[in-house]
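Participant: Next come a sequence and a model predicted from it.
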Amino acid sequence: MPIPLVTSSNYLRQDLKEGLTQECKTLLSTVPIDKGWVATNLFQYQGFWHTATQLQGVLTCQQHFQAKPDDLLLITTPKSGTTWLKAVAFATVNRNRYSSSDHPLLTTNPHDLVPFLERKLFIDNQNPDLTSFTYPRLFSTHLPYVSLPKSVEQLGCKMVYLCRDPRDAFISLWHFTNKLRTQTLGTLSLEEAFERFCRGVCLYGPAWDHIMDYWKKSLERPENVFFLKFEEMKAQPSVQLKRLAEFFGCPFSKEEEKKGVVEEILKLCSFDHLSNLNVNKTGKLSSGEENSTFFRKGEVGDWINHLTPQMIKKFEQITEEKFHGSGLQF
Ligand SMILES: Nc1ncnc2c1ncn2[C@@H]1O[C@H](COP(=O)(O)OS(=O)(=O)O)[C@@H](OP(=O)(O)O)[C@H]1O
């Protein structure tokens, strides 16, 4: 059983091997290893890249998380709008439980309301206390499909998969990384980050493979996997929120629609509203990250302000190669 580690942030914990199980340590010594973005190294497991501490969380959650049939899983590639999806899903599923004046989203960051399985609940605990979860339980994960705990698929749990144009997810990740890097590490240059992202060497990368695996599953099993893009949420938020509520099995009634419940949820969870709340301006997650780091611009297409023509071309080549014939486009 790993010993809980207390440091400033999960992202900076990866070098601390004392808290890891022998199984995890052995695995770390056998799998491919490469440079990390925030701390020293990333390790490749089941085709995707993790920090050492995160890998411990992945193994523990694969072995100990027991899903229930009505669990709802929010799955994303990093920097694809996870914070937004958590807020919207939480507000939708619990809309009869809270009024707008005492809503938990006003005082708690969405990441603390819908915790990550492998980054929070199971990172150093084989048996986290899940008794405070109301039903249906909402969990989140960045895990690729191949690494999901088996009970999720066996029980047919509903999964919402949110992804984003890899160019925007990359730029968002690059900014986020540089907010978390220590002074000693210095800034990670755009060129260096780009080279690693294109090789797939980033947290939960390669991003394209992560997206494609869930895209295929959503075509095979649309009743279980709801595939959504950040860009679609931005373009048609109320249409997408209504689809989401239907998928969750709690569609908005005509009366709710007339009363403006959909718009109320979208307003509560909007970038402007959430990012200006005191808790998100000054608070920290229980895992150490400052809440403000999860809010930057929240826009579509910011990559145009950062990528060089050569980088854009390279992105196009990879996207064409990875998504070819799949019907998926950004
Ligand atoms: N409410 C809301 N609406 C729209 N966009 C939002 C919202 N909240 C966060 N964001 C933007 O999402 C980006 C952060 O991604 P994630 O939340 O997936 O980060 S993480 O993976 O959980 O670390 C990051 O995108 P960029 O602005 O492009 O960096 C955030 O600004």
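Facilitator: In hand now; what should we look at?

Participant: from here on, contacts and neighbour counts on C-alpha atoms
Facilitator: Will do.

Participant: And Lys35, how far from the ligand?
Facilitator: Distance of Lys35 to the ligand, given as CA to the nearest ligand atom, to the nearest Å: 19 Å.

Participant: what about that residue, distance to Gly205?
Facilitator: 13 Å (CA to CA, to the nearest Å).

Participant: do Lys267 as well
Facilitator: Distance, Lys267 to Gly205, by CA to CA: 32 Å.

Participant: Could you report the separation of the closest residue to Gly36 other than its chain neighbours from the ligand?
Facilitator: In space, Gly36 comes closest to Leu42 once its chain neighbours are excluded; the distance is 4.9 Å by CA to CA, 6 or more residues apart in numbering. Using CA to the nearest ligand atom, Leu42 is found at 17 Å from the ligand.

Participant: Figure out how far the host helix or strand of Leu42 is from the centre of its chain.
Facilitator: Using DSSP states H and E, Leu42 maps to strand 41-45. From the chain centre to the centre of strand 41-45 is a distance of 18 Å (CA atoms, centre = their mean, to the nearest Å).

Participant: Offset the numbering so it begins at 44, please.
Facilitator: Yes, from this point I'll number from 44; that puts the last item at strand 84-88.

Participant: That strand: what's the following helix or strand?
Facilitator: strand 91-93.

Participant: Paired strands for that following strand, with orientation please.
Facilitator: Looking at strand 91-93 with DSSP bridges, its partner strands are strand 84-88 (antiparallel).

Participant: ok, residues contacting the strand it pairs with?
Facilitator: Residues from elsewhere that reach strand 84-88 (CA atoms under 8 Å, 6 or more residues apart in numbering): 57-58, 71, 74-79, 92-95, 98, 244-246.

Participant: Just the buried ones from those residues?
Facilitator: Neighbour counting with 16 or more other CA atoms under 10 Å marks Gln57, Leu71, Ile76, Gly79, Trp92, His93, Thr94, Ala95, Leu98, Val244, Cys245, Leu246 as buried within the contacts of strand 84-88.

Participant: separation between the second one and Gln105?
Facilitator: The reference is to Leu71. As judged by CA to CA, Leu71 and Gln105 stand 16 Å apart.
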